[in-house]
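Peer 1: When you get a sec, could you give me coordinates for this:
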Amino acid sequence: MGRIRILPDNVANKIAAGEVVERPASVVKELLENSLDAGATRVRIDVEAGGKRRIQVVDDGCGMGRDDAMLAFERHATSKLRSAEDLLSISTLGFRGEALPTIGAVSRLLLETHSPEEREGTRVEINGGKLIAVDDAGLPSGTSITVNDLFYNTPARRKFLRAESTELSHISSLVTHYALAYPDKSFQLRTATGDLVNVSPAASLRDRVFQLLGQETLDEIIEFGPLVKNLELPAHATPPGEAPERPEIRFRGFLSRPQIQKLNRNSIYLFVNRRMVRDRVLLHAIQEAYRNLMPGHCFPVALLFLEMPHTEVDVNVHPSKVEVRFRHQTLVHDLVRDTLREALIAARPLPAFPEPAANATGAMESGGRNTIHTTTPSAALTLTSPTVQPATERFPFHAASPLSGEGAPTMRELTDALYSPGQFTVTAASEIAAAVVPSATVTENPDQPMDLRELRPLGQVRDSFIVASSASGLWLIDQHAAHERVLYEKFVFDRDQGAVESQRMLMPYILRLTPAQMSLWSTTLSEMERSGFEAEPFGQNTIAVKAVPASVRSDDVEKLLRELIETFERESRGYTDETARQRIAASVACHSAIKINTPLEPRKMEWLIAALSATRFPMSCAHGRPTVLRYGMKEILKAFHRI
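Peer 2: All right, here's what the predicted structure looks like:
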C-alpha cells in the first residue's frame, strides 16, 4: 500500500488555519479586510477576552446573497480573482478565499449578511468546519460575522495564545493601522470596559492622526508629501525598441524628529496601496534615512504611505498577506530612503526639552495653592558677558566661503580653531552664518534652526555645554556633538571630492588583528585609503598604519582604529562601501572634535554656533545624539506659572 494519501478536508482546513489564523488579531485582520473590500463606510469590532471568547465584525458593505454566503465557506472561493494573471495585479486587500473556511474550522462561527439586491438576509452557522444551519432572516444591509471560542477544537494552539491584554493590544494595533489607512471611514473597537478606538470619518490624514495618536504625537512629527517620484529603471531592464519604464510612486506621511527615539518598531506604520505591510526593505530604508541622525539601536515614529502600480508589488508572498515583494526592491529602497532623508533635512527639526510632568517638579497642593519644590544639582556655570562685542578675529576662513568648497577651511583648521589661541582671522559670526547657509534652506518658520544664527552665548555648564539665548528661548549646545557635526559634514564633502588631508605618523602604529578582522580590513582597505589612512601588511595578521586623517590627534589614533575595526566586525553582514564611508567619517569626526571639559572663550562659542548653523543637519551629531536643546519661551512661561 502506498505511503502518500490525500488529507481529509477538516485536517487540511486546520493546517490552513495555522497559516492564516495565528491569533485573534489574525481573525480581525481577515474580516476587517473583507469589510473594506466590500465597500463598507462603517466598521465595528466587538471583542471579549482579548478575542479568545468572542470577536464580532459588523459592516455596512455590499453584503452577500444566499448562494454567495454558502459558497464563501468553500476553500479558495473568492470574488476577487478570475485568472492567474490577476495575481500579478491585485488591487484588493483580500483575495485568497481562505479566511472564512479556515476561521470556521477552528471556531464557532455565525455569518449574518444581507445584500440590498435580495429581499431577505441569510444566516449561516458553522462549528469546527461543519455546516450546522442555513436560514433566511430579516437583516440590515451589510455583513456581521461572529467568531466564538477561537481554537476550541485545537487546544494545543489555544495554549500558545498570550494573555488577554496582549492579544487585545495586537487587535488594537491592527485597527489603528487600518483606521490610518482609511481616514474617510468610521472605525469602532469595543470591549467590555469601553471603546479602544472610535473614530468618525476625518477630513484629512492629519486629522486622523490626531484622532488616533493625539496632539502630543502630532506636535512631534513632521508631515511631508504628497510627493510624486518615478523609478529610474536601468537601461538593460527595457526590451530593445521599447520606451523605458518609469513607474510612478506617490509618497506621503509623517516622520518624528530625531530626538524622539523608540526602543522598538511598534511606532512605525507602513502602507502600500493602503495595505498594512511589514516589509524589511521599507524598514531598512527608514533606518538608513535616520542614519547619523539617531542612534542605531533606536527607532523613530513613522507613518509611510506609498501608492504604486499594482504590477510593481507582489502581495501573494505569504498567507497572512502582510509581507510583500517589490518588483524593483533596490530602487524602491533607495527612493524611499532618499525621499525621507530629504524631508528630514528640509524640515531641520530642533530638539526641545521634554515638558516635565507635574510630579517631576514636585508640584504639591497645599492650602489651595500649588507649591513647587525643585532640586537643582550643583554645576559650575561660568557666564560670559551677555553681549559679546563684534570682533575682527572670529573665524578661521573667509566669511564668504562655505564649509565645503573653494576657500573652505581644512579639517585641521576646523579642529584647531577651538583648541588653539589666535586662530580667528575674519568677520563676525552672524555674517559667517549668513554666508555659509544656502539661501534655499532659509525658512520663515521661527522654530527652525535658523534661530542658531541669532544665538548669543552666555557661558558654559561644566565647560561642556554652551548656554545661549535668543528671542525664541534658552538653548543648550553640546560642544562636542556640535563640533562633531561640523567636522562630519566637512569630512564627507572632502572624501567625495578626493581631498581628505593626511598626516604621516612619526612612527607607524602597529595594529594586531584576528584572522577575521584581517579579512575585514582587506575589504575596507580601499575605502580607508580614500579617507586619509595609509597602511600596509606587517607580518601575519598585523598591519602598520603610516598615515591617518590630518584632524585626528596622535593620542586618539589607537582608539579610532580599534573602534573602526569593531564597527566593521559588528556590521560585516550589511557591509557596503556607503556604510563604510559613513562609519569612517563619523568616527574621524568624533575623535577630532573638541572634548567636553574644555573651557571656551565667548568668541569661540560664537564660532561654533555659526559653524553649526552652516551644516545641513545641525540638530544631531554623526552618531544621532542631539547637538542642541531649546527651552522655548512657552515652556519657560509655563514653568513660572505665567501662562
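
Peer 1: For burial, what's the neighbour tally of residue 189?
Peer 2: 22 (other Cβ atoms under 10 Å). Backbone N, C-alpha and C define where each C-beta goes, glycine included.

Peer 1: Next, it: secondary structure please.
Peer 2: strand (DSSP: H, G, I helix; E, B strand; the rest coil).

Peer 1: Quick check: the gap between it and residue 45.
Peer 2: Relative to residue 45, residue 189 is positioned 5 Å away (Cβ to Cβ, to the nearest Å).

Peer 1: overlap in contacts of these two?
Peer 2: When contacts are counted by Cβ atoms under 8 Å, 6 or more residues apart in numbering, residue 189 and residue 45 are jointly contacted by 171, 175.

Peer 1: Which helix or strand in the protein has the lowest average pLDDT?
Peer 2: Lowest on mean pLDDT, DSSP states H and E among the helices and strands of the chain sits strand 369-371, with a mean of 33.

Peer 1: mind listing what residue 297 touches?
Peer 2: If you count contacts by Cβ under 8 Å, 6+ apart, residue 297 has them with residue 263.

Peer 1: can you check residue 198 too?
Peer 2: Neighbouring residues of residue 198 by Cβ under 8 Å, 6+ apart: 187-189.

Peer 1: Quick check: of these, which lies closest to residue 55?
Peer 2: residue 189 (10.7 Å; Cβ to Cβ).

Peer 1: Chain neighbours aside, what residue packs nearest to the closest one?
Peer 2: Computed as Cβ to Cβ, 6 or more residues apart in numbering, the closest residue to residue 189 that is not its neighbour in sequence is residue 197, at 4.0 Å.

Peer 1: Report the contact partners of residue 201.
Peer 2: Residue 201 neighbours (Cβ under 8 Å, 6+ apart): 41, 183-186.

Peer 1: residue nearest the centroid of this structure?
Peer 2: Central residue of the chain (Cα atoms, centre = their mean): residue 300, 4.0 Å from the mean position.

Peer 1: Just the buried ones from the contacts of residue 201?
Peer 2: For those, a burial check counting by 16 or more other Cβ atoms under 10 Å picks out 183, 185-186.

Peer 1: surely residue 37 meets residue 99?
Peer 2: No. Contact criterion Cβ atoms under 8 Å: residue 37 and residue 99 do not qualify, at 10.8 Å.

Peer 1: Which one's more surrounded, these two?
Peer 2: Legend: neighbour count by other Cβ under 10 Å for residue 37 and residue 99, higher for residue 99 (25 against 17).

Peer 1: tell me the contacts of the more buried one?
Peer 2: Residue 99 makes contact with 20, 30-31, 34, according to Cβ under 8 Å, 6+ apart.

Peer 1: Over to residue 301?
Peer 2: 217, 220-221, 254-256, 260, 262, 267-268.

Peer 1: of all those, which comes closest to residue 66?
Peer 2: Using Cβ to Cβ, residue 268 is the member of the contacts of residue 301 that lies nearest residue 66, at 43.3 Å.

Peer 1: Does the closest one have any beta-bridge partners, and if so which?
Peer 2: residue 302 (DSSP bridges).

Peer 1: Correct me if wrong: it contacts residue 283.
Peer 2: Yes. Counting by Cβ under 8 Å, residue 268 does reach residue 283; the two are 6.8 Å apart.

Peer 1: In the stretch 51-200 of the chain, where is pLDDT below threshold?
Peer 2: In the predicted model, the stretch 51-200 of the chain carries pLDDT under 70 at residues 75-92, 94-98.

Peer 1: all helices of it, in order?
Peer 2: 66-71, 99-105, 155-159, 164-181 (DSSP state H, counting those that start in this stretch).

Peer 1: and among those, the most buried is which?
Peer 2: Among the helices of the stretch 51-200 of the chain, helix 99-105 has the highest mean neighbour count (mean count of other Cβ atoms under 10 Å), at a mean of 25.

Peer 1: Output that one in PDB with nothing but the alpha carbons.
Peer 2: Only the C-alpha atoms of helix 99-105 are listed here, as PDB (Å, rounded to 0.1, in the frame of the first residue of the first chain):
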ATOM      1  CA  ALA A  99     -10.300  33.400   5.500                       C
ATOM      2  CA  LEU A 100     -13.900  32.100   6.200                       C
ATOM      3  CA  PRO A 101     -13.300  28.400   5.800                       C
ATOM      4  CA  THR A 102     -10.100  28.400   7.900                       C
ATOM      5  CA  ILE A 103     -11.600  30.600  10.700                       C
ATOM      6  CA  GLY A 104     -14.700  28.400  10.700                       C
ATOM      7  CA  ALA A 105     -12.500  25.300  11.000                       C
END
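
Peer 1: quick one: it to chain centroid distance?
Peer 2: Its chain's C-alpha centre and that of helix 99-105 lie 35 Å apart, by Cα atoms, centre = their mean, to the nearest Å.

Peer 1: Then stretch 58-74?
Peer 2: 39 Å.

Peer 1: next one: stretch 308-315
Peer 2: On the basis of Cα atoms, centre = their mean, stretch 308-315 sits 23 Å off its chain's mean C-alpha point.

Peer 1: What is the end-to-end distance of that stretch?
Peer 2: Terminal residues of stretch 308-315 are spaced 13 Å apart (Cα to Cα, to the nearest Å).

Peer 1: next one: stretch 264-281
Peer 2: End-to-end for stretch 264-281, by Cα to Cα: 17 Å.

Peer 1: quick one: buried residues of it?
Peer 2: Neighbour-count burial for stretch 264-281 flags 267-273, 275-277, 279, 281 (criterion: 16+ other Cβ under 10 Å).

Peer 1: between the contacts of residue 301, which is closest to residue 296?
Peer 2: Using Cβ to Cβ, the contacts of residue 301 come closest to residue 296 at residue 262, 13.1 Å.

Peer 1: Check that closest one and give its pLDDT.
Peer 2: On pLDDT, residue 262 comes in at 85.

Peer 1: what residues are up against it?
Peer 2: 298-301.

Peer 1: what's the neighbour count on residue 210?
Peer 2: So residue 210, with other Cβ under 10 Å, has 15 neighbours.

Peer 1: same deal with residue 631?
Peer 2: The burial count for residue 631: 17, using other Cβ under 10 Å.

Peer 1: from now on call the first residue 48
Peer 2: All set: I'll call the first residue 48, so the last point we hit is now residue 678.

Peer 1: For it, give its distance to residue 685.
Peer 2: To residue 685, residue 678 is 11 Å away according to Cβ to Cβ.

Peer 1: for residue 670, same thing?
Peer 2: 32 Å.

Peer 1: between those two, who's got more neighbours?
Peer 2: Ranked by neighbour count (other Cβ under 10 Å), residue 670 and residue 685 place residue 670 first, with 19 against 13.

Peer 1: Can you check the pLDDT for that one?
Peer 2: On pLDDT, residue 670 comes in at 85.

Peer 1: in a strand, that's where it is, yeah?
Peer 2: No. The assignment for residue 670, made by three-state DSSP, is coil rather than a strand.

Peer 1: so what's it closest to, chain neighbours aside?
Peer 2: In this structure, residue 670 finds its nearest non-sequential neighbour in residue 633, 6.0 Å apart by Cβ to Cβ, 6+ apart.

Peer 1: do the same with residue 679
Peer 2: Per Cβ to Cβ, 6+ apart, closest to residue 679 is residue 520, 4.2 Å.

Peer 1: Could you measure from residue 290 over to residue 280?
Peer 2: Separation of residue 290 from residue 280 (Cβ to Cβ): 11 Å.

Peer 1: go on, residue 119?
Peer 2: Per Cβ to Cβ, residue 119 is found 40 Å from residue 280.

Peer 1: do the same with residue 673
Peer 2: 39 Å.

Peer 1: ok, the two, which is more surrounded?
Peer 2: Per other Cβ under 10 Å, whichever of residue 673 and residue 280 has more neighbours is residue 673, with 22 against 15.
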